[in-house]
Each structure stands twice: as structure tokens, then as C-alpha cells.
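Colleague: Sequence plus predicted model, see below.
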2 protein chains.
Amino acid sequence: MSNEYPITSRNKVKRVPQRGSYDKDTLYEVLDAGFICHAGFVVEGQPFVIPTIYGREENRLYFHGASTSRMLVNLKQGIPVCITVTHLDGLVLARSAFHHSMNYRSAMVFGTATEVSDEEKEHALFVVSEHIMKGRWDEVRGPNSKELKATSVLALEIDQASSKIRTGPPKDEAEDYQLDIWAGVVPLKLVTEPPINDDELKSDLSPSENVLSYSI
Amino acid sequence: MSNEYPITSRNKVKRVPQRGSYDKDTLYEVLDAGFICHAGFVVEGQPFVIPTIYGREENRLYFHGASTSRMLVNLKQGIPVCITVTHLDGLVLARSAFHHSMNYRSAMVFGTATEVSDEEKEHALFVVSEHIMKGRWDEVRGPNSKELKATSVLALEIDQASSKIRTGPPKDEAEDYQLDIWAGVVPLKLVTEPPINDDELKSDLSPSENVLSYSI
């Protein structure tokens, strides 16, 4: 099987195409590094963009939510969806206003979602949970049948996709390199801070090794 | 003028409505804290979700990009757009898998965009630049007429909008508080790291006070 998604008018990276990639491993890396995606779908001509958590298994994304949520109710009709994940890596400060930019990694995925069967549901929730914090699933009370019933899980087979990545310093106009203007990058990073105990925590409990050693 | 957006079927916060707000100041705070939004629009029935930077002035958002970009070419036709900004503030780790959640602040904006006039363009770019890093515009070479021509700028008057915010500890089922499972929050934060000089920087230059003291 090819390790690249086919290039179509839908997923083609048009602006600055040299930053684009159709490679699956690159896409998976960007997807796996994110907590939330922004899911876009259309209801009666109106686009909606909803932030939501997800998990990936092979070439499939899983989403979950309340069975009654607008997003899930609509998406499970099999309407077209666009899933975008973006990581900000830095402010790119050029010598000219025009060449200011951001360093980022983004993934854009196209496909249609289907509701997973009751048999697949718990596994899919496990995949989403592991995506957010590996190992947490095994530390907590698993879902009971009432909770499983209240939750819808959708699977989206990645049909078309592209990633776009910008790294490195600004690119200025040749003549601007002589200007007395500082240029460079201010890196951005999402970090964790030490865990905060729930106010209602039983007094003899402390965070597990898994939680304490957690990093993004 | 009311300080709230009207509630309609489009912007109504349906899931966990007590986390929703229609207050303008709350919305502006969430918008102003972000670097990028995810802009959703529809082309021939297909939704696209594109990460892009923006700036806010009063009740208006500005977007810019290459005059040839798919997003700008489409948006300036005046099609419906949904703009979403999301900040992740923490992983909410409950005692049950079901009650795991995220702390976040999100804003969802609906409207249609129009292209700004040549007279408004430079001011709009200034607003976007100040949004990303206040004071930077005055330190750099401003746009020349060729650069202004290559750039399209759109304005979107915020028509309908809502914010949604989750803060605080997990909410578990009453009986689960007795379980020997640690629960709490792992805070997440986007931070800057020290500026990195451009490799081609003139040797006598160092970052301005404005860049050095920059924080999110």
C-alpha cells in the first residue's frame, strides 16, 4: 500500500506547496501530537467548527461525545467532514512586516464518519483515552453500560489528507538583511504544570507515577 | 447596545449549556488570548477548516493572506464562515473514564467576511500584527505597495457568537469519590522560550526590549 495519500483538488496544498506533505507517517506524527482537533461540518449550508478530542488507530480517527451532541448527531449521517489539527511552534519575526509568519505543524483530514458498533465502542474509547494520557485507562473505573449508552463514538477512515509544516528562521527580502532590525524566532511550546489534586480527594491518595511523569 | 449576542439555533451552546456565554467581553477575552483561529467554510458542499492568524478591533475580526489563497478567494465572496478559537488549559482526570474532560476556553464566531478597501488594508494589517506581538509593527519595515497588493485582507463583523469555558476539578459520580483513584487536573499552558537569533542576523543586533519581555 502506498504510504502517501492521493493528491486531489481537495487536499492539495496550494499556498507555499513546498511546506506540504501527503506522507502518512508525517500526518500521523502531527495527529498524534495533538489533544484536540477542530472538526468542520456543514448543516443547512452553515459551517460549524467544533474543538473536540480524538484518538488515532492506524488510518482511522475516533471521536466521542454525548449521543445528543449536535456534532455527533450530524456527523453520523455520513456527511463530509474536515478535521484539522494545528500545533504552534513559534512566532517568526522578520525584518519586514510582510514576512512575519508562524512556525507550525498542521494536519488536515477529509473523510466521512460512521458510528461504531457497540462491540467496537469500548475499544474506541480506550484509543481516545490513550491518546490523551497513555496508561490512564488502566488506573480508572471503566465505563458502565449506562455510560456507554450515553456516549456515541464515531470512526473516520482517513480518506484524503495533507500536512503542512513550517520550521526555521524568517525569510526576508535580500535587501532587508542589511536593515538594523532584529529578526529571529520566539519559540512557543505547550507544557504541563504539576498536577493539582481534586479538592475532594481522599487524603491518602497521591498522583500515580504515570500522572507524575506525564509530559506532552 | 446590548453586551450580549442574540441566542439563535446557530450559536446556542447545546451541550452543558451552563458553560456557555453570549457576553461580548467574555468572547473578546478568549479571542484576544489566541494566536490562530480555525476558519471553517464550505466550497461545493465540502467543509474546509484552515488555521489562520487574525486580529480583533471592537466587534470585527481581520484576516489576511495571499490574494490567491483558497480561503481568502472563497471567503470574500461573502459565504457563511465559522471562526473557532480554542485554548487548552488542562487535562481533567476523573476517577471514572467517562468523566475525564479538558479545561478549555473556546470562542465560536459566525458571520460573513468582506474584503477591506485599500485605505483600510494597512490599518487592518497593523491590528493583526499588534494582536500577535504588540509593538512589533513599529520596529520593522512596513509593507510597500507591491506587498500590499499581494495581500488580501478580510473583515468579519461578529454577527453571532458564543464562548464556552470549563475550569476546575473533575465531576465524578457520587459513589466514585470513595474509590482509591487519584483525581485532579494536569494544567496545560502555552509558553514562550527565549528568542533565537536569525542565522543571518547582523552581528551587532540583539532582540529589542519588546521582544525580550514578550510573554503570552
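Modeller: Here it is on my side, so go on. The shown structure was predicted, so the numbers you read here are calculated from the model rather than taken from an experiment.

Colleague: Just give the number of residues close to residue A:156.
Modeller: Using other C-beta atoms under 10 Å in any protein chain shown as the criterion, residue A:156 is surrounded by 22 other residues. (C-beta placed from N, C-alpha, C; glycine too.)

Colleague: Stretch A:83-103: which residues count as buried?
Modeller: Buried residues in stretch A:83-103, defined by neighbour count with 16 or more other C-beta atoms under 10 Å in any protein chain shown: A:83-103.

Colleague: Quick one, grab the pLDDT at the most far-flung residue of chain A relative to its centre.
Modeller: Note on chain A: the largest C-alpha distance from the chain mean falls to residue A:178, namely 39.9 Å (C-alpha atoms, centre = their mean). Note for residue A:178: predicted pLDDT of 96.

Colleague: Also residue A:13?
Modeller: For residue A:13, the pLDDT comes out at 89.

Colleague: is it true that residue A:97 touches residue B:133?
Modeller: No: applying C-beta atoms under 8 Å, one finds residue A:97 not in contact with residue B:133, separated by 11.0 Å.

Colleague: Next one: the longest helix seen in chain A, is it in contact with chain B?
Modeller: Across chain A, the longest stretch assigned as helix under DSSP state H is helix A:118-132. Yes: applying C-beta under 8 Å from any C-beta of the partner chain, one finds that helix A:118-132 is in contact with chain B at A:125, A:129, A:132.

Colleague: pLDDT below threshold where in chain A?
Modeller: Chain A contains residues with pLDDT under 70 at A:1.

Colleague: which stretches of it form helices?
Modeller: Residue ranges of the helices in chain A, as given by DSSP H, are A:24-32, A:70-75, A:118-132, A:145-150, A:209-212.

Colleague: Show me what the last one is packed up against.
Modeller: With contacts defined as 3 or more C-beta pairs under 8 Å, 6 or more residues apart in numbering or on different chains; DSSP states H and E, there are no secondary structure elements packing on helix A:209-212.

Colleague: The first one too?
Modeller: Secondary structure elements in contact with helix A:24-32, counted by 3+ C-beta pairs under 8 Å, 6+ apart, are strand A:46-57, strand A:80-93, strand A:101-115, strand A:160-166.

Colleague: Compute the inter-axis angle for that helix and strand A:80-93.
Modeller: Here helix A:24-32 runs at an angle of 80 degrees relative to strand A:80-93 (axes from the mean of the first three to the mean of the last three C-alpha atoms, to 10 degrees).

Colleague: Could you tell me which residues within helix A:24-32 count as buried?
Modeller: Residues of helix A:24-32 classed as buried by neighbour count (16+ other C-beta under 10 Å): A:24, A:26-28, A:30-31.

Colleague: Report how many residues lie close to residue A:49.
Modeller: Neighbour count for residue A:49, taken as other C-beta under 10 Å: 28.
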